[in-house]
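K.L.:
Give the three-dimensional model of this entry:
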Amino acid sequence: MRGGLPCFGEAGDPLHPFVQRLIKARFLQQVENKHDIGGCQMADHWIENHKRDSWRRQAKASGYRARSAFKLKQIQERFNLIREGDVILDVGCHPGGWAQVGMELVGETGFVLGIDLEPCQPVEGALLLTGDITDPHTQERMLTELNGRPLNAVVSDISPNITGKWDMDQAVAMTLVAQVFDFALPLLCKGGSFTTKLFQGVGVEELIVAVKPFFSDVRRYAPHASRNSSSEVYLVCRNFMPWKAKTFAVREAYETALNLKLGGDDVDEGPEIIKSSFSVRRKKSE
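P.N.:
Numbering: from 1, shown residues only. Purely as a prediction, here's the structure:
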């Protein structure tokens with residue numbers, strides 16, 4: 001276990017049928033595309049690239065805690081999502097690179113609230129909490145800290161506790177993103193934005209369909225600071241339109257659509273096996 005989260009694939013570890021269908025679909029996609037994603041090979045390749053990563057060196061030279069800071073800067077340059085005085089929710093804030101950039105953008109009159117399973121060193125002007133965003137107690141604490149202030153922007157660079165099994169990691173990551181939408185959308189102000197990392201694969205199109213009704217513009221964007229070998233892409237949702245929403249149940253809409261696509265039975269509500277597998281954090285090196 002890492003970070004208090006289970007490692008799947010061991011004897012006796014059950015998998016919810018919904019996740020099983022995601023994994024099967026992802027496996028078939030890999031076979032079709034002839035992708036080699038062996039865990040050891042991926043790890044060796046990542047370590048080698050990490051050593052010669054120019055963005056990592058630039059982050060260190062610029063005083064940012066992670067190379068991922070440049071991803072948010074490039075997203076901001078392209079879409080101008082964050083303004084001075086804004087209230088921002090940074091989901092998966094460890095180690096603090098996005099919070100640093102966020103505070104630069106919102107200034108002294110703004111506010112950055114971060115949440116992560118892993119404790120994060122303070123960032124001046126920001127409030128970085130430790131907890132699981134899918135846990136009701138953590139959500140209550142976040143609401144208390146916001147004190148009724150609506151969010152202008154949600155930025156999320158979250159990923160699950162990486163197992164090296166791409167099909168499992170991608171399936172869990174997609175469901176996690178949907179859960180974050182469910183929590184944050186009711187807090188987002190009119191015209192607000194929601195930006196989140198996705199891993200390309202099964203379910204991406206279904207998630208986009210699920211969130212499109214809430215925003216006037218939804219598109220995918222790959223910052224230059226993302227690794228060339230990475231399958232990550234950012235979903236940038238702009239101009240939130242709350243009056244168009246009958247419900248904010250993004251996860252339900254996403255899972256229903258994907259379940260129909262995969263030809264399975266109805267998805268049970270709140271499968272614990274999915275809920276317990278989330279690591280709401282950003283790796284220090286990302």
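K.L.:
Please count neighbours and contacts with C-alpha atoms only from this point.
P.N.:
Will do.
K.L.:
give me the number of residues near the residue nearest to residue 209 when sequence neighbours are not counted?
P.N.:
Using Cα to Cα, 6 or more residues apart in numbering and skipping the chain neighbours, the partner closest in space to residue 209 is residue 254 (7.8 Å). For residue 254, the tally of surrounding residues (other Cα atoms under 10 Å) stands at 22.
K.L.:
Phi and psi next, for residue 254.
P.N.:
Here the main-chain torsion angles of residue 254 (degrees, to the nearest 10) amount to phi -60, psi -50.
K.L.:
All the helices of the stretch 1-150 of the chain, in order from the start?
P.N.:
All helices of the stretch 1-150 of the chain, identified by DSSP state H, counting those that start in this stretch, fall at 17-33, 39-51, 54-62, 68-79, 97-106, 136-146.
K.L.:
What are the buried residues along the fourth one?
P.N.:
By that I understand helix 68-79. Of the residues in helix 68-79, those scored as buried under the neighbour-count criterion (16 or more other Cα atoms under 10 Å) are 68-76.
K.L.:
could you give the mean pLDDT of the longest strand along the chain?
P.N.:
Criterion DSSP state E: the longest strand present in the chain is strand 188-199. The pLDDT scores in strand 188-199 average 97.
K.L.:
give me the low-pLDDT residue ranges for the stretch 1-150 of the chain?
P.N.:
Regions of the stretch 1-150 of the chain meeting the criterion pLDDT under 70 cover residues 1-52, 55, 62.
K.L.:
and if we set it to 90?
P.N.:
Counting by pLDDT under 90, the stretch 1-150 of the chain shows low-confidence ranges at 1-63, 66-67.
K.L.:
check contacts around the residue nearest to residue 209.
P.N.:
Residues in contact with residue 254, defined by Cα atoms under 8 Å, 6 or more residues apart in numbering, are 178, 203, 206-207, 209-210.
K.L.:
That one and residue 110: what is the separation?
P.N.:
Taken as Cα to Cα, to the nearest Å, the spacing of residue 254 relative to residue 110 amounts to 33 Å.
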